[in-house]
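> sequence first, predicted model second:
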Amino acid sequence: MASLISTRSDGVVFSTRRLLPKGSLVREGARFDVLYFVLRGAFKSSRTGLDGYPQVQGFAFQGDVVGLGSLADSQCSDTVVALEDSLVAVLPFRGFVKAGREFCEVADLFYRLAGREIQLRSDALNILVPACSEVRVARFLLHLSARQALVGESPERVRLPMSRRDIASSLGIAPETVSRAMGALAGWGYIRADRYEAEISDMEGLRNFQVKSRGSSLHKPRATEREQPCGSPAERGNDGIAVGTANAMPLHSIQ
């Protein structure tokens with residue numbers, strides 16, 4: 001796995017911080033003053049909803065930055081915890097701004113990271129567009145696949161360090177629906193999934209399948225009265241596009 005950011009660059013020194021699984025990196029409502037670059041591992045970002053329960057906002061992986069979403073306020077908007085043994089580079093925000101005035105590379109990096117944050121949020125909304133749960137899960141897996149590919153990891157073997165409940169919260173569906181959707185995608189030959197990984201066995205087919213946005217008008221090959229999957233391999237179109245191909249880019253490529 002390629003290194004994404006050096007802890008020392010052009011005279012700017014970054015400290016690092018290691019977190020064990022379930023370790024807290026950021027607390028919702030805390031004072032915002034630090035940005036974090038993910039060097040290794042994975043994180044879950046959540047926010048308290050109107051009902052008082054936490055809602056998963058997204059996931060951060062190698063090459064992502066944590067904290068940019070809090071720039072509009074003086075306090076952190078989300079709670080961020082490690083999903084596995086992880087390592088981040090710590091950069092006080094004011095120090096980052098000061099370094100940007102002295103080093104044009106740092107300023108350019110900040111603008112690119114801010115732009116990527118906007119892109120990630122746009123992609124997250126795109127995943128939620130389909131009413132069909134199988135399509136949401138398909139887009140979610142392709143989204144992670146593209147992010148992995150851009151940091152040198154296999155796009156076919158998608159790591160899933162988060163729980164099914166976390167995935168469900170991020171997609172706005174029930175945990176059991178995530179399991180059923182993955183089972184349907186596996187039954188149609190698109191993926192092979194276990195607890196911590198989903199192997200995409202038919203990348204082109206999954207990309208074609210994920211363009212379906214409504215399930216009600218599609219043939220349902222394994223329909224039940226309680227819940228019906230929204231498509232089959234026989235119905236795949238030829239106009240599929242990959243979701244999130246412009247997502248996370250390694251920091252070494254944008255410095």
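On my side now, so go ahead.

> return the distance of stretch 138-145 from the chain's centre.
9 Å (C-alpha atoms, centre = their mean, to the nearest Å).

> can you give the contact residues for it?
59, 61, 123, 126-127, 130, 155-156, 158-160, 167, 170-171, 185, 190-191, 198, 200, 203, 206-207, 209-210, 242-244, 247 (C-beta atoms under 8 Å, 6 or more residues apart in numbering). C-beta here means a position set from N, CA and C on the backbone, and glycine is covered the same way.

> quick one: average pLDDT of it?
For stretch 138-145, mean pLDDT is 96.

> dump that stretch to CSV, restricted to CA.
Presented in CSV, the C-alpha positions along stretch 138-145 are these (Å, rounded to 0.1, in the frame of the first residue of the first chain):
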residue,chain,number,x,y,z
ALA,A,138,-24.9,-2.0,-5.5
ARG,A,139,-24.0,1.7,-5.7
PHE,A,140,-22.5,1.7,-2.2
LEU,A,141,-20.2,-1.2,-3.1
LEU,A,142,-19.2,0.4,-6.4
HIS,A,143,-18.5,3.6,-4.5
LEU,A,144,-16.2,1.9,-2.1
SER,A,145,-14.6,-0.1,-5.0
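
> does Val26 touch Thr79 like I think?
Yes - in terms of C-beta atoms under 8 Å, Val26 counts as a neighbour of Thr79; the distance is 6.4 Å.

> burial measure for Arg47, as a count.
15 (other C-beta atoms under 10 Å).

> buried stuff in the helix or strand that contains it?
Per DSSP states H and E: Arg47 is located in strand 42-48. If you call a residue buried by 16 or more other C-beta atoms under 10 Å, then strand 42-48 has these buried ones: 42-46.

> next one: stretch 152-165
153, 155, 158-162, 164.
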